[in-house]
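> quick one: sequence plus predicted model below, questions after.
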Amino acid sequence: MNKFGKILIVIALIAAVVVVIIIKQNNKANSGAVVDEGSINSVVGPEVEGPETAKIDASKGLPRLVDLGADKCIPCKMMAPILEELKSEYEGTFKVEFIDVWKNPDEAPKYGIKLIPTQIFFDASGKELFRHEGFYSKEDILSKWKEFGVDLSVSQPSFERFKPAQLDDRGKDNICYMCDGDIEHKTLVTVSTEKGPVRLCSPHCYFIMYSCLTEDKIDFEKKVSVTDWATGEPVAASEAMYLYSLDGRTGRPIIKAFTDRIRPDQATSGGIVINWQALQDKELVNCCGFCDRACYPQDAAKVIAGGIHTFGCCSHCALGVAARSGLDIEVHERDRLTGEPIVVKTLEGKVASLEPATAVAWFGQRQKPDGTWGSAGCFHQGFFVTLENLKEWIDRNPHETGKMITIHQALANKMKLSPEQIQKACKIGECVPK
């Protein structure tokens, strides 16, 4: 063989080695997941017609949910707390297994998956029933198990009280129309209506009511009287002057009304003196992102929707921002008993993560004259980090009636509302006395 022929053989061998190396590198890359930045899902390799084995361990006779994903894939990370909740809450009902296909690249071909995360439902015999690609909410997973006839009722904790532990024997003149709290005479606000006076415990509850009205609000203040802090006598709200200060412990405003100019000895606690219009501007500056109800930031849930910060006047209205805006949201609320933080994140109208996973919601309800039950209003709703905290809060509030629901259910209830229902949310219409 001449020298030129030998050179050609060497070149061919080198080219073959390069091709082999490239193939091996491609195979290695395809065996793990490559995050697709333009999608919530992640690609895990070439498409496969179907699973090669995908068998269930039927030794315990339970159906099984297998989630194939990776610990660094964004939607997979959102699935992680849901899988942990399901594993804990439904132990003995169905099994939950997570397989990291990045750390175990040989597993993906076995199940024939195309994207991560992928959830596969198996019956107790190991037969595949259904598979889903992408993020899958807890309620959707449970709904699918119900569709396959799995009984989930025995695993669900529940708590309700539809008969108050103690009858409310307060006179109606001593109960605030808005919040059901006690009325202190010095802060009484009265609204005149055709059906009689409506009594409110404070200027703040008046502005909550005002923000919920659907009637014409022009000159509405002419119907309103406040109580002079010094004399206890009523005075027209628009003619009074107000000493506006902040509670150093809670940060909430303290509002005192006076008929005449405020004397220095009446303002020993400090504050600013303002008129009715300035007070109204201050009270209406923060409103609920769902129902537009006036609220104090110190009492409201914090909501982030599309990068915009807003409020939820109660925990349930905070979730309603997802329904009103159509955006994924993040809710920061506090346990009504202990003040412990609770964080809810949504994705496509479903709960994507819940911290802590044990958190539950109280759906306060009140019986209507026709015997049916409806919402008791925003002042009677709340989140709790555990069912035990909720029960203790109920013990401390003997007049409360309603039931525990999951935060997933609370969000689902809001997402079911039509645009017309959302538009009317928390609107009380004409102010009618109880």
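Okay, I see it. Numbering: from 1, shown residues only.

> pretty sure residue 140 sits against residue 350.
Yes: between residue 140 and residue 350 a contact is recorded at 6.7 Å, counting by CB atoms under 8 Å. Bear in mind the C-beta positions are built from the backbone N, C-alpha and C, glycine included.

> so for the two, which residue has more residues nearby?
Taking neighbours as other CB atoms under 10 Å, residue 140 and residue 350 compare with residue 350 leading, 19 against 16.

> for the more buried one, which non-adjacent residue is spatially closest?
residue 137 (3.3 Å; CB to CB, 6 or more residues apart in numbering).

> how close does the one you found sit to residue 358?
As judged by CB to CB, to the nearest Å, residue 137 and residue 358 stand 18 Å apart.

> who's more crowded, the two?
residue 137 (21 against 17).

> ok, that one - contacts?
82, 347, 348, 350, 351, 352, 408 (CB atoms under 8 Å, 6 or more residues apart in numbering).

> neighbours around the third one, how many?
The one in question is residue 348. Residue 348 is flanked by 14 other residues according to other CB under 10 Å.

> that one reaches residue 328, doesn't it?
Yes: look at residue 348 against residue 328 with CB under 8 Å: they come within range, at 7.1 Å.

> quick check: mean pLDDT of stretch 233-248?
The average of the pLDDT scores along stretch 233-248 is 94.

> pull up the distance across that stretch, start to finish.
Separation of the first and last residues of stretch 233-248 by CA to CA, to the nearest Å is 28 Å.

> same deal with stretch 405-425?
20 Å.

> if we can go back for a sec, look up how far residue 277 lies from the residue nearest to residue 350.
In this view, residue 137 and residue 277 are 47 Å apart by CB to CB.

> do residue 152 as well
Distance from residue 152 to residue 277, counting by CB to CB: 56 Å.

> more neighbours: which of those two?
More neighbours surround residue 152 than the other of residue 152 and residue 277, with 14 against 10 (other CB under 10 Å).

> what ranges does the stretch 101-250 of the chain have for its helices?
With DSSP state H, counting those that start in this stretch, the ranges of helices along the stretch 101-250 of the chain come out as 107-111, 138-147, 203-212.

> is it correct that residue 227 is in contact with residue 240?
No: if you go by CB under 8 Å, residue 227 and residue 240 don't touch, sitting 9.1 Å apart.

> which of the helices or strands spans the spatially most central residue of the chain?
Centrality entry for the chain: nearest residue to the mean C-alpha point is residue 319, 3.8 Å, by CA atoms, centre = their mean. Element membership of residue 319 [criterion: DSSP states H and E] is helix 315-325.

> quick one: mean pLDDT for that helix?
97.

> relative to helix 315-325, how tilted is the very next helix or strand once past it?
Remark: after helix 315-325, the chain's next helix or strand is strand 329-334, criterion DSSP H and E. Angle, strand 329-334 to helix 315-325, by axes from the mean of the first three to the mean of the last three CA atoms, to 10 degrees: 170 degrees.

> which residue ranges make up each domain of the protein?
As assigned by automatic domain parsing, the chain contains the domains 42-147, 172-283, 287-423.

> what about the second one, how long is it end to end?
Meaning domain 172-283. Span of domain 172-283 from end to end, CA to CA: 26 Å.

> what does the longest one give?
With CA to CA as the measure, domain 287-423 spans 15 Å from end to end.

> starting at the chain centroid, how far to it?
Mean-position distance between domain 287-423 and its chain equals 6 Å (CA atoms, centre = their mean, to the nearest Å).

> quick check: buried residues in stretch 193-210?
198-210 (16 or more other CB atoms under 10 Å).

> which of those sits closest to residue 66?
For the buried residues of stretch 193-210, the closest approach to residue 66 (CB to CB) belongs to residue 208, at 49.4 Å.

> pLDDT at that closest one, what is it?
Here, the pLDDT recorded for residue 208 equals 96.

> and the residue nearest to residue 200 when sequence neighbours are not counted, bridged to which residues?
Nearest in space to residue 200, with sequence neighbours left out and distances taken as CB to CB, 6+ apart, is residue 189 at 4.4 Å. Assessed by DSSP bridges, residue 189 has beta-bridge partners residue 200, residue 226.
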